[in-house]
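Q: Got a predicted structure plus its sequence, pasted below:
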Amino acid sequence: MKIKHIVSTVFLMLIALRGNAQSASQNKADKDYTKYAYIDAIATYERVAEKGYKDQKMFQRLGNAYYFNGELTKAAKWYDALFEMNPEQESEYYYRYAQTLKATGNYVKADKTLEAFNKKINTDKRGILFENNKNYLEQIKANSGRYEIADAGINSTQTDYGSAYYDNKIVFASARDTGGVAKKTFKWTNKSFTNLYTAEIKADGTLGQPERFEKNINSKFNESTPVFTKDGKTMYFTRNNYLEGKRGRDDQKITLLKLYKAEYIKDKWSNVTELPFNSNQYSTAHPALSTDEKKLYFASDMPGTVGQSDLYSVTINSDGTFGKPENLGAAINTEGRETFPFISADNELYFASDGRPGLGGLDVFVTRINSDGTFTEVQNVGAPINSKQDDFAFIIDSKARNGFFSSNREGGNGNDDIYKFIETRKLNCEQLLKGIIVDLETNKILDNAKVTLLNEQFKTIGEVTTTADGAYSFKVDCNKTYHIRAAKDDYETKEIPVTIKGQTGKTTQEISLEKRIKPIGVGTDLAKTLNIPIIYFDLDRSIIRKDAAFELEKILAVMQQYPTMKIDVRSHTDSRQTVKYNIALSDRRAKSTIRWLIKNGIAANRLVGKGYGESQLVNKCSDGVPCTEAEHQLNRRSEFIIVSMD
């Protein structure tokens, strides 16, 4: 049994943590143009909805209209109606609904809605990552071939791993037997405990003869994975739970791992103290420092860990005290193992994981830390750094583009070995997400449109306003899904998802916005203006159905808004009956529609209409011409033509 897989023994090996270790309204006068008036589609829908009519798309649009404008309590009213009508909605609506419920103070229901949201998108990050990256081997292949690797030249027949830079040396862990008098071994494996060693980095890049690190740091148990401050006066390192001759144990009598700090005073490392967030009941290990040295990153299985081990960060205060450790979250951690963090001078976080799609065992991954503490898309660094076995403990000199990593791949000297590498090409997958905003009906370019970029958690991460060319653009990460939200005065806000490819390049997405303030005048067909597709009747009948009444309510609301408006109601059929039959049926339907409007308060002298049967087909589907049902349906329509507005 290889020692890195031992997780429960008299003393827990250091490398055990390799296994454990998201409009204001305007005055009506501003909306009037010569010979035109305007309809606010949202206001019309709201008047219809207030009468008790229910329509899923209407509730969605009403809820969205208020949600996108930050009026969350008003949005909650319509999302309430939406979920009461149909509780099975797209996952985005669960998220929005939960947010609006919180705005109303209903946190219990908001939490339940978020639970439903989580079930919609699954809960296991590993499964999600695989589902979203079924072509992961192709992605890894695209990232591969960027390194030249070789044996570091310091490996023994035992375990060697976990390098760190210190002055012109590297410091690493080794279980080699240096022939000391008081040799200690791990009794299960009969191998030496790991101690820290140093090796000089020579001018030609080779390493000098390894030497044991200072006695004050190395104990009779395990030490590993140090990190040093830039001034060389402070080090953090991993050790079994052992300090000042006392060994700690958890409730199962197992000695776990802890993080320690030491200071360089008078040419010696001394003042070894354990960090305050350690515990006898869980392990902490593998420290790394942020570029400004104000944060310490590490691996742990402390309470709150999602997987077998997660990555954490903790603030180092100016007085030397520490804040509360924070889990790096779902952007980094999975239900598997995340461990061995390293922060490069370019503010990149390298770490090892077996919870993400990889080549086998632990693979090395990289992400960039943004200025706000979030992370860019995590990427597999590819072969030859990664192999079918465990690959971990990656460190890099960002200027020289060389470094070291550890692996137990075939062909090595011991259980784990240290390899050196030169990076020949950076891993840069850059995508430009761009497009134009246009009018849905006219395809006219829209300037002064506000375009917002949101991540998968619907957190705003970018915002631009289109100029005369109607264009927008954002720099985005590869292999990631975003949401683009476009908004403009007098138009309905629209939001669409966009999935970015895994190769450097451009992703183009045009967005068409529909006017919410629509011009009307003599000759306007209100059916088209209000998106009324058909007034539905049962087969061969002319009785107004309930769903048809919902559409007619829109016409009613407009005619009430404009008391002098007169309408010509025109009913049409397809060609699948005789001409005489279709004329009679469509005429009955037109008169039935007029009667409904009169019954609901519209004066009879404001309405005219008749049926046209199949005499005004909008396509080729006349008698004897084969057509699909969808093509025939285009001819079954009702028109509401404005004939006067005096």
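A: Perfect, thanks for sending it.
Q: Now do the domain split for the protein, please.
A: 3-18+137-423, 430-513, 521-644 (automatic domain parsing).
Q: Just the mean pLDDT for the longest one, thanks.
A: In other words, domain 3-18+137-423. Across domain 3-18+137-423, pLDDT averages out at 88.
Q: can you give me the offset of that domain from its chain's centre?
A: 28 Å (C-alpha atoms, centre = their mean, to the nearest Å).
Q: right, so of the domains of the chain, which gets closest to A49?
A: Closest to A49 of the domains of the chain, according to C-beta to C-beta: domain 521-644, at 9.1 Å. The way it works is simple: take the backbone N, C-alpha and C, and place the C-beta from them, glycine included.
Q: Can you say which of the domains of the chain is packed in most?
A: Each of these was scored by mean neighbour count; the highest is domain 3-18+137-423, a mean of 19, by mean count of other C-beta atoms under 10 Å.
Q: Now do the phi/psi pair for V625.
A: Here is the backbone geometry of V625 (degrees, to the nearest 10): phi -90, psi 120.
Q: which stretch of helix or strand covers A527?
A: Using DSSP states H and E, A527 sits in helix 526-529.
Q: One more: N216?
A: Using DSSP H and E, N216 sits within no helix or strand.
Q: contacting residues for it?
A: Residues near N216 by C-beta atoms under 8 Å, 6 or more residues apart in numbering: A262, K268, W269, S270, V272.
Q: and the gap between K518 and E492?
A: Separation of K518 from E492 (C-beta to C-beta, to the nearest Å): 10 Å.
Q: With K246 instead?
A: For K246, the distance to E492 - C-beta to C-beta - is 69 Å.
Q: cool, N428 as well?
A: Distance, N428 to E492, by C-beta to C-beta: 38 Å.
Q: quick one on the thing from earlier: and the domains of the chain as JSON lines, adding distance to L72?
A: Shown next, in JSON lines, are those (distance: least, C-beta to C-beta, whole Å):
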{"stretch": "domain 3-18+137-423", "distance to L72": "23"}
{"stretch": "domain 430-513", "distance to L72": "13"}
{"stretch": "domain 521-644", "distance to L72": "26"}
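Q: which stretch among those domains comes nearest T104?
A: Here domain 430-513 is closest among those (C-beta to C-beta), at 18.7 Å.
Q: among the contacts of N216, which two are most distant?
A: By the measure C-beta to C-beta, K268 and V272 form the most distant pair in the contacts of N216, at 11.2 Å.
Q: just to revisit the earlier point, tell me which of the contacts of N216 is nearest to L526?
A: Distance to L526, by C-beta to C-beta, is smallest for A262 among the contacts of N216, at 79.8 Å.
Q: So which elements touch the helix or strand harbouring that closest one?
A: Using DSSP H and E, A262 sits within strand 257-265. Here strand 257-265 touches strand 234-240, strand 268-274, strand 284-289, going by 3 or more C-beta pairs under 8 Å, 6 or more residues apart in numbering; DSSP states H and E.
Q: Let's have the ones you listed in CSV, adding distance to A116.
A: What follows is the helices and strands packed on strand 257-265, written out as CSV (distance: least, C-beta to C-beta, whole Å):
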stretch, distance to A116
strand 234-240, 42
strand 268-274, 43
strand 284-289, 36
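Q: surely Q281 meets Q252?
A: No - here Q281 lies out of contact with Q252, judged by C-beta atoms under 8 Å, at a distance of 9.4 Å.
Q: contacting residues around N86?
A: Contacts for N86 (C-beta under 8 Å, 6+ apart) come out as Q56.
Q: ok, now L62?
A: With contact set as C-beta under 8 Å, 6+ apart, L62 has these partners: I42, Y45, E46, A49, W78.
Q: if I look at it, how far off is E410?
A: Distance, L62 to E410, using C-beta to C-beta: 63 Å.
Q: Now do P519, the pLDDT please.
A: In this model, P519 is scored at 86, pLDDT.
Q: next SSE after the helix holding A527?
A: Remark: after helix 526-529, the chain's next helix or strand is helix 546-561, criterion DSSP H and E.
Q: For the residue at minimal distance from the centre of the chain, which non-adjacent residue is closest in space?
A: Note on the chain: the residue nearest the mean C-alpha position is E456, at 3.0 Å, using C-alpha atoms, centre = their mean. What sits nearest to E456 in space, not counting adjacent residues and going by C-beta to C-beta, 6 or more residues apart in numbering, is T481, at 5.5 Å.
Q: helix/strand/coil for Q457?
A: coil (DSSP: H, G, I helix; E, B strand; the rest coil).
Q: what does the model give it for pLDDT?
A: In this model, Q457 carries a pLDDT of 85.
Q: With just CA atoms, put the helix or strand harbouring Y297 into PDB.
A: Using DSSP H and E, Y297 sits within strand 295-300. The C-alpha trace of strand 295-300 is given here as PDB (Å, rounded to 0.1, in the frame of the first residue of the first chain):
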ATOM      1  CA  LYS A 295      -3.700  35.900   3.000                       C
ATOM      2  CA  LEU A 296      -2.700  32.300   3.700                       C
ATOM      3  CA  TYR A 297      -4.200  29.600   1.600                       C
ATOM      4  CA  PHE A 298      -4.300  26.000   2.800                       C
ATOM      5  CA  ALA A 299      -6.100  22.600   2.500                       C
ATOM      6  CA  SER A 300      -8.300  21.200   5.300                       C
END
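Q: Give me the contacts around it.
A: 17, 20-21, 236, 259, 275, 282-290, 309-316, 322, 325, 328, 338-341, 343, 349.
Q: one more time with 7 Å, if that's ok
A: 17, 21, 236, 259, 282-289, 309-316, 338-341, 343 (C-beta atoms under 7 Å, 6 or more residues apart in numbering).
Q: so how far is T573 from G613?
A: 5 Å.
Q: Pull up the overlap in contacts between these two.
A: Listed contacts common to G613 and T573 are N582, S586; contacts here mean C-beta under 7 Å, 6+ apart.
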